[in-house]
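**Q** sequence isn't available, so here's the structure alone:
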Ligand code: PRT
Ligand code: ZN
């Protein structure tokens with residue numbers, strides 16, 4: 001395939017990952033004119049075009065080199081890689097921190113289930129037959145795979161399966177269908193994928209620039225800027241409490257030689273209990289601020 005001098009990234013046209021994929025790219029400073037109902041949207045200020053696709057097609061587009069990049073759920077990538085040799089030429093570059101879910105095995109609430117071996121002889125409904133087959137083979141379980149394209153959670157109620165292997169996020173769908181999760185098999189979230197085909201030096205350079213921005217946006221979304229006042233003697237305790245803290249800035253507080261101001265970047269989520277522990281250690285006026293961009 002003839003290589004253009006612009007990158008192309010495939011994202012889901014509509015569905016659970018669509019909005020967040022666009023939001024991520026926009027946070028990376030890419031600006032698209034999305035008003036018209038088109039398949040391809042040109043980015044105005046970066047040499048990249050957006051290709052709108054069904055999520056199931058994205059790994060193949062990237063493997064074929066139709067697009068060099070794609071954003072899709074890890075669940076889809078794993079299914080395509082296990083079922084289709086061609087799709088193996090796709091590389092996962094990065095977890096993107098949204099679209100979190102898991103592929104799990106679930107059975108009816110009333111089913112007695114003690115261990116994996118209880119799956120032997122059951123009919124398991126799924127839209128992910130290759131991932132399920134891999135799991136069953138790896139665990140030497142003999143079960144029948146019932147392939148369905150949707151509404152998998154209804155299969156036990158309809159009497160066409162004894163168990164299901166499907167995506168779960170909150171578990172609400174399972175509960176409302178009288179099912180319970182018994183074995184989580186694969187954790188998934190949206191991932192950035194690239195083709196393994198070599199890129200021209202120009203495209204490689206653009207890809208590097210884009211990746212640096214994606215890393216910056218993801219790091220910023222996980223990081224917080226924390227400011228507080230505290231007794232000097234509490235500094236080492238406070239350093240242990242803040243998750244993923246880098247070297248803090250320490251400043252004297254006017255009029256009080258025993259107290260200092262501490263400013264620090266926490267590289268992980270800051271929960272309420274962290275703030276409560278800081279307060280217990282003597283910190284006051286604690287402020288936690290979002291960080292918009294990070295560049296190392
Ligand atoms: O049209 P297209 O083919 O592009 O989209 P699609 O309809 O196949 O996919 P879509 O938009 O439903 O999902 C896209 C991706 O979102 C999936 O491939 C996952 O990577 C991710 N994702 C995250 C989910 C869920 N969470 C999720 N909960 N995909 C589906 N679900 C479904 C699940 O199948 C089940 O029916 O939601 C139900 C369970 O949800 P809970 O919250 O009740 O447990
Ligand atoms: Zn789909």
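**A** Thanks, I have the structure now. What you are looking at is a predicted structure, and each value in this text was computed from that prediction instead of being measured. Numbering: from 1, shown residues only. Ligands and ions are numbered 1, 2, ... in the order given.
**Q** what segments of the stretch 101-250 of the chain are strands?
**A** Along the stretch 101-250 of the chain, counting by DSSP state E, counting those that start in this stretch, strands occupy 101-108, 123-126, 144-147, 163-168, 179-188, 190-195, 224-231, 249-253.
**Q** who are the packing partners of the fourth one?
**A** Put plainly, it is strand 163-168. Helices and strands touching strand 163-168, by 3 or more C-beta pairs under 8 Å, 6 or more residues apart in numbering; DSSP states H and E, are strand 101-108, strand 123-126, helix 129-138, helix 155-158, strand 179-188. Using the backbone N, CA and C atoms, a C-beta is placed for each residue, glycine as well.
**Q** what does the third one give?
**A** On a contact count with 3+ C-beta pairs under 8 Å, 6+ apart, strand 144-147 meets strand 123-126, helix 129-138.
**Q** turn the ones you listed into JSON lines, columns for mean pLDDT, mean neighbour count and distance to ligand 1.
**A** What follows is the helices and strands packed on strand 144-147, written out as JSON lines (pLDDT from 0 to 100; neighbours: other C-beta atoms under 10 Å; distance: least, C-beta to the nearest ligand atom, whole Å):
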{"stretch": "strand 123-126", "mean pLDDT": "98", "mean neighbour count": "23", "distance to ligand 1": "10"}
{"stretch": "helix 129-138", "mean pLDDT": "98", "mean neighbour count": "18", "distance to ligand 1": "12"}
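**Q** can you say which of the ones you listed is nearest to residue 291?
**A** Minimum separation from residue 291 across the helices and strands packed on strand 144-147 (C-beta to C-beta) falls at helix 129-138, 36.2 Å.
**Q** so residue 49 bridges to which residues?
**A** Assessed by DSSP bridges, residue 49 has beta-bridge partners residue 8, residue 42.
**Q** spatially nearest residue to the residue in the stretch 151-296 of the chain that ligand 2 sits nearest to, not counting backbone neighbours?
**A** Among all residues of the stretch 151-296 of the chain, residue 167 sits closest to ligand 2, at 10.8 Å; criterion: C-beta to the ion. The shortest distance from residue 167 to any residue other than its chain neighbours is 4.8 Å, reached at residue 101 (C-beta to C-beta, 6 or more residues apart in numbering).
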